[in-house]
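> Fold the following for me, if possible:
(2 chains)
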Amino acid sequence: MKFQHFLKGLVHGIPIFLGYLSVSFGFGITAVKSGLTVMEAAAVSLFNLTSAGQAAGVGIIAAGGSLVEMILAQFTINLRYSLMSLSLSQKLDKSFTTPRRLIVSYGITDEIFALASAQPGKITPWYMYGMILISTVGWVLGTILGAAAGSLLPADVSDALGLMLYGMFLAIIIPPARKEKGVLVAVLIAAAVSCIIYFLLPFISSGFSVIICAVIAAVVCALVFPQADEDDETEVQP
Amino acid sequence: MSIVIYIAVMAGVTYIIRMVPFTMFREKIKSRFLKSFLYYIPYAVLSAMTIPAIFFATGSVISAAVGAAAAMILAYFGLPLIVVALSASAAAYITGLIISLM
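Next up, the predicted model:
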């Protein structure tokens, strides 16, 4: 059972692995340009597992910024993860003991959260271990490759690969949005607010923008399209 | 300042943000509003992260838009994640090639 779940997590994580490989490749290049060694860049990726936060962090390191600045930047950019963690905490099966939660907490990224949320029913620790492992390998490996050999991929290929993760997000949100009006409205409101912030309020960081958009959309839909109140296990469909 | 300290602080803050809600919330949330709110959060988060960022992901708005359109159409018909993701990249890449030939 454990192994089956682990394997399922690994397989489900393949798109994340491929997407991370290309995204972190770009991060590796940036990190080396900012004065980090290949090992340091790899350590940043291994211990943080987050794209925007790492990019900002490396910028602060390069500029010799203060630790307070570092803490504030990481906090604002990464605060969205607490929302994801909270959402995911409602989907854990009974075998999620505290130590297991402490381990899996490490790997709650945008993409892992997305895939785990899209699973029907509960999620198990071993499923998460598998998905987090393959994703982390992709993230760290891509960082090392990018840091060590920045010009390995032609620019047009790495540019095109930059779409993978977004393509995956669309594949997760569109099918349920077809079936459920509430989901469709949540998706449209979030996209609209996101565009407003991006084009009209550019001083709001991308991390904060995600929080603002998601909270507005989810509050509106929770009020207008509340979920059926029976103790429903009707979870997010893949 | 040592780079190790920077990395440790970064990693610590990021971990705590993820760990606290994930580990502390042991109770099943009862409130219908909160349950509904958390049900919609993933979709809203993903939508906000994708739009409009997807259009600026490849360095060319046109190739990105073609990739995004390919992804939306395939996702609409319920194709698997990996197919949608790779097709988006392939469509953007081919569009980029065509643009460079014109």
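> When you work out contacts or count neighbours from here on, use the C-alpha atoms and nothing else.
Fine.
> what about chain A, any weak spots by pLDDT?
Residues of chain A meeting the criterion pLDDT under 70: A:150-153, A:207, A:229-238.
> ranges for the helices of it?
A:2-12, A:14-33, A:38-48, A:51-62, A:67-78, A:80-89, A:98-105, A:110-117, A:125-148, A:155-161, A:164-179, A:181-200, A:206-224 (DSSP state H).
> can you list the ones you listed in CSV and add mean neighbour count?
Shown next, in CSV, are these (neighbours: other C-alpha atoms under 10 Å in any protein chain shown):
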stretch, mean neighbour count
helix A:2-12, 18
helix A:14-33, 25
helix A:38-48, 22
helix A:51-62, 20
helix A:67-78, 19
helix A:80-89, 23
helix A:98-105, 17
helix A:110-117, 22
helix A:125-148, 24
helix A:155-161, 20
helix A:164-179, 25
helix A:181-200, 21
helix A:206-224, 22
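> dump the residue contacts of residue 28.
Here I'm looking at chain A. Listed by C-alpha atoms under 8 Å, 6 or more residues apart in numbering or on different chains, the contact partners of A:Gly28 are A:38, A:41-42, A:142-148, A:150.
> meant chain B actually
So B:Lys28 contacts A:Gln90 (C-alpha under 8 Å, 6+ apart).
> Pull the contacting residues for A:Phe6.
Contacts of A:Phe6 by C-alpha under 8 Å, 6+ apart are A:126-131.
> let's see it at 6 Å
A:126-127, A:130 (C-alpha atoms under 6 Å, 6 or more residues apart in numbering or on different chains).
> Which one of those residues is nearest to A:Asp156?
Nearest to A:Asp156 among those is A:Gly130, at 31.1 Å by C-alpha to C-alpha.
> I'd say the closest one and A:Leu10 touch.
Yes - in this structure, A:Gly130 is within contact of A:Leu10 by C-alpha atoms under 6 Å, at 4.5 Å.
> Overlap in contacts, the two.
By C-alpha under 6 Å, 6+ apart, no residue touches both A:Gly130 and A:Leu10.
> Around chain B, which positions in chain A sit nearby?
A:15, A:47-48, A:81-82, A:85-87, A:89, A:101, A:105-106, A:159-164, A:166-168, A:171, A:173-175, A:186-187, A:190-191, A:194-195, A:210, A:214, A:218-219, A:222, A:226-227 (C-alpha under 6 Å from any C-alpha of the partner chain).
> Closest one of the contacts of A:Phe6 to A:Pro120?
For the contacts of A:Phe6, the nearest to A:Pro120 is A:Tyr127 (12.8 Å; C-alpha to C-alpha).
> With A:Ile112 as the reference, measure out to the closest one.
Using C-alpha to C-alpha, to the nearest Å, A:Tyr127 is found at 11 Å from A:Ile112.
> where does chain B dip in pLDDT?
Within chain B, the segments meeting pLDDT under 70 span B:1.
> Enumerate the residues of it near chain A.
By the rule C-alpha under 6 Å from any C-alpha, the part of chain B lying against chain A is B:11, B:15, B:17-19, B:21-23, B:33, B:36-38, B:40-41, B:43-45, B:47-48, B:50-52, B:57-58, B:71, B:75-76, B:78, B:81-82, B:84-85, B:88-89, B:92-93.
> Counting only strands, which of these make the cut?
Judged by DSSP state E, strands contain none of these.
> Okay, A:Ile29 and A:Thr37: tell me how far apart.
Here the criterion is C-alpha to C-alpha. By it, A:Ile29 lies 11 Å from A:Thr37.
> whoops, I mixed them up, B:Thr58
27 Å.
> do A:Phe208 as well
Taking C-alpha to C-alpha as the measure, A:Phe208 and A:Thr37 are separated by 30 Å.
> A:Phe225 too?
Going from A:Phe225 to A:Thr37 by C-alpha to C-alpha gives 51 Å.
> A:Ala214 now?
37 Å.
> OK, contacts around the residue sitting nearest the centre point of chain A?
Per C-alpha atoms, centre = their mean, the C-alpha nearest to the average position across chain A is that of A:Asp110, at 1.4 Å. If a contact means C-alpha under 6 Å, 6+ apart, then A:Asp110 has no contacts.
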